[in-house]
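Student: missing the sequence, but the structure's below:
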Ligand SMILES: [Zn+2]
């Protein structure tokens with residue numbers, strides 16, 4: 001269990017992170033407004049460039065929204081008193097780790113286990129593909145050639 005002081009500290013970290021994300025979102029808004037004002041009266045920036053800028057900005061906002069969701073989720077878990085419970089094994093997550101990454105839902109062991117699993121899955125996939133190709137090539141050669149080639153009447157025999 002976390003102490004009252006620890007909970008308070010985490011709340012401050014999360015509040016600060018939330019404020020930062022909201023500020024970023026507002027900066028993004030200001031950026032697009034400035035851009036509109038700048039382009040009034042000159043059409044030197046071509047449309048595809050404009051579109052690309054715009055979609056980059058949208059992607060950034062998507063990421064901020066996603067992060068904001070994680071922060072809000074962590075605040076809810078803090079309220080519910082489950083913020084330091086590992087989602088996978090139910091063990092406690094260390095306060096130091098929570099302070100550094102308050103949005104985490106995994107203890108260090110489970111986090112590392114998941115990363116290892118992802119890595120080994122990627123490697124196994126690549127290995128299977130290679131073995132498959134090698135095996136197929138080896139089988140085809142050797143058995144059949146020669147058997148059909150020399151035998152049989154052949155086109156010239158009737159003459
Ligand atoms: Zn765990």
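Tutor: Structure received. Computed from a predicted structure; not experimentally measured.
Student: Quick check on residue 84: phi, psi?
Tutor: The phi/psi pair for residue 84 (degrees, to the nearest 10) reads phi -100, psi 20.
Student: Could you count how many residues lie near it?
Tutor: 21 (other Cβ atoms under 10 Å). Where you see a C-beta, it was placed from the backbone N, CA and C, and this is true even at glycine.
Student: which stretches of this protein form helices?
Tutor: With DSSP state H, the ranges of helices along the chain come out as 4-39, 47-80, 95-100, 108-140.
Student: Could you tell me the least trusted of those?
Tutor: When the helices of the chain are compared by mean pLDDT, helix 108-140 comes last with a mean of 73.
Student: which parts of this structure sit against the ion?
Tutor: Contact residues (Cβ under 5 Å from the ion) of the chain with the ion: 86, 88-89, 91, 107, 110.
Student: again, 6 Å this time
Tutor: 86, 88-89, 91, 106-107, 109-110 (Cβ under 6 Å from the ion).
Student: if we can go back for a sec, kindly reformat the helices of the chain as a markdown table containing mean neighbour count.
Tutor: Shown next, in a markdown table, are these (neighbours: other Cβ atoms under 10 Å):
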| stretch | mean neighbour count |
| --- | --- |
| helix 4-39 | 13 |
| helix 47-80 | 13 |
| helix 95-100 | 14 |
| helix 108-140 | 10 |
